[in-house]
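Visitor: sequence below, structure please.
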Amino acid sequence: MITGNKVALFKLLGHFADKIKETIIWNKGYGQPAMKMGTLNSQFEFIFIFSNNNPKNRMFDNAYFKRGSETNVWDIKRQRNRDHLAAFPQELVKRILINFTK
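Guide: Model (predicted):
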């Protein structure tokens, strides 16, 4: 995700830094093989949660998980998808929707 866009990503994060509520690390379980020698395999992705409602406070007003039941590191295995190589696993999308939406 970040490989070719690191500068753009960090500029965007800097611009919206006062809106960042939380950062979740999605641990994909194994690193995507690097394309070239001397390159680290990429095993995780960032999930940034932005908020206009008191972003400095890490407590979510409209979260749907119980105290102590969620962490900011999610171990969810990648899924193979022949139609799209960068598709997100359904479990990842489901976890976001169940925990943060009505």
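Visitor: for this structure, what are the low-confidence residue spans?
Guide: The chain contains residues with pLDDT under 70 at 1-4, 85-86.
Visitor: in it, which spans are helices?
Guide: Assigned helices in the chain, in chain order: 6-15, 90-100 (criterion: DSSP state H).
Visitor: buried residues, the last one. List them.
Guide: When burial is assessed from 16 or more other Cβ atoms under 10 Å, helix 90-100 yields the following buried residues: 92, 95-96. Backbone N, C-alpha and C define where each C-beta goes, glycine included.
Visitor: same check, this time on stretch 54-65
Guide: Result for stretch 54-65 [16+ other Cβ under 10 Å]: buried residues 55, 60.
Visitor: put the alpha carbons of that stretch into CSV.
Guide: C-alpha atoms of stretch 54-65 as CSV (Å, rounded to 0.1, in the frame of the first residue of the first chain):
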residue,chain,number,x,y,z
ASN,A,54,-12.7,15.0,20.3
PRO,A,55,-10.0,13.1,18.4
LYS,A,56,-7.4,13.6,21.2
ASN,A,57,-9.4,11.4,23.5
ARG,A,58,-8.9,7.7,22.5
MET,A,59,-12.4,6.7,23.7
PHE,A,60,-15.0,6.2,21.0
ASP,A,61,-18.4,7.6,21.7
ASN,A,62,-20.1,5.2,19.3
ALA,A,63,-18.0,2.1,19.6
TYR,A,64,-19.8,-1.3,19.6
PHE,A,65,-17.2,-3.4,21.5
